[in-house]
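>>> need coordinates for the following:
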Amino acid sequence: MPRPRLDHVRKAQILSAAAEVLSERGYANTRVVDIANTAGTSPAAILYWFEGKDGLLAEALKLREQEFHDRYTVKAEHKQSASQRLRVLIEAMLHHYDWKLWMELCVLALRDKAAAAERDRMDRRWRAALRATVREGQQSGEFSPGDPDEVMFVLAALLDGLAPLLALKAKGVTRERVERVWLAEASRLLGPGFDASPLKRTR
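The predicted model follows:
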């Protein structure tokens, strides 16, 4: 099979287009031709590089997650206090993360081992960043003492449970309400050293 010419589009552009279409339409309603149209290429070119929609979904979210990590984890590392770093992470996850695409990957992971492995890798990476920030704050005396793994488990579960409801536009669930509840619980677990004031939205 001759290699499709991709002079006008790179592989990353295909993945970016796939993430956009999959997030907007959902996995079941997305066709390869839809992604090709958005990327400005042909279905044949996409199928050359990827194994259908399953491979596209996993790699598209992987790209989005890496972009997310590069932007917000690096940003958090430049903050002076653990409280500031934690606020950067929760702002990013609550206000900038693509939860629709994440939910599509979770559904695919129920039947696809590769997708399940990718979902697990992403989840462990987020939890590790959260755990490390909590531990640093506890060790410095900024946060109340406790088990950082248990604190991480509660805070991650709270976000993992509420953020998808935002993506589904569930009645009574707003970003402001989820933010307020999460910050209050973090304050309860971490003590007065954690800044629980409303988040200041950034890009």
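
>>> count the residues that sit near residue 158.
16 (other C-beta atoms under 10 Å). C-beta coordinates here come from the backbone N, C-alpha and C atoms, glycine included.

>>> my error: substitute residue 84 in the last question.
When neighbours are defined as other C-beta under 10 Å, residue 84 has 15 of them.

>>> that one - nearest residue in space that isn't next to it in sequence?
Distances taken as C-beta to C-beta, 6 or more residues apart in numbering put residue 195 closest to residue 84, at 7.3 Å, once the chain neighbours are dropped.

>>> which secondary structure element contains the one you found?
Following DSSP states H and E, one finds residue 195 outside all helices and strands.

>>> try residue 130
Here residue 130 is assigned to helix 113-140, by DSSP H and E.

>>> so which elements touch that helix?
Here helix 113-140 touches helix 52-68, helix 82-95, helix 99-109, helix 148-167, going by 3 or more C-beta pairs under 8 Å, 6 or more residues apart in numbering; DSSP states H and E.

>>> pLDDT of the following helix or strand past the first one, averaged?
In other words, helix 52-68. As assigned by DSSP H and E, the chain's next helix or strand after helix 52-68 is helix 74-77. For helix 74-77, mean pLDDT rounds to 79.

>>> tell me how many other residues surround residue 149.
When neighbours are defined as other C-beta under 10 Å, residue 149 has 11 of them.

>>> assign a three-state SS to the spatially most central residue of the chain, would you?
The residue lying closest to the centre of the chain (C-alpha atoms, centre = their mean) is residue 97, at 4.5 Å. The three-state label given to residue 97 by DSSP: H, G, I helix; E, B strand; the rest coil is coil.

>>> for the spatially closest residue to it that is not a sequence neighbour, report the pLDDT, please.
Distances taken as C-beta to C-beta, 6+ apart put residue 68 closest to residue 97, at 6.3 Å, once the chain neighbours are dropped. Predicted confidence (pLDDT) for residue 68: 76.

>>> where does this structure have its least confident helix or strand?
When each helix and strand of the chain is scored by mean pLDDT, DSSP states H and E, helix 52-68 comes last, with a mean of 76.

>>> contacts for that one?
Residues outside helix 52-68 that contact it (C-beta atoms under 8 Å, 6 or more residues apart in numbering) are 12, 14-16, 18-19, 22, 27, 30, 32, 35, 46, 50, 92, 96-98, 101-102, 104-105, 108, 112, 114-115, 118, 122, 125.
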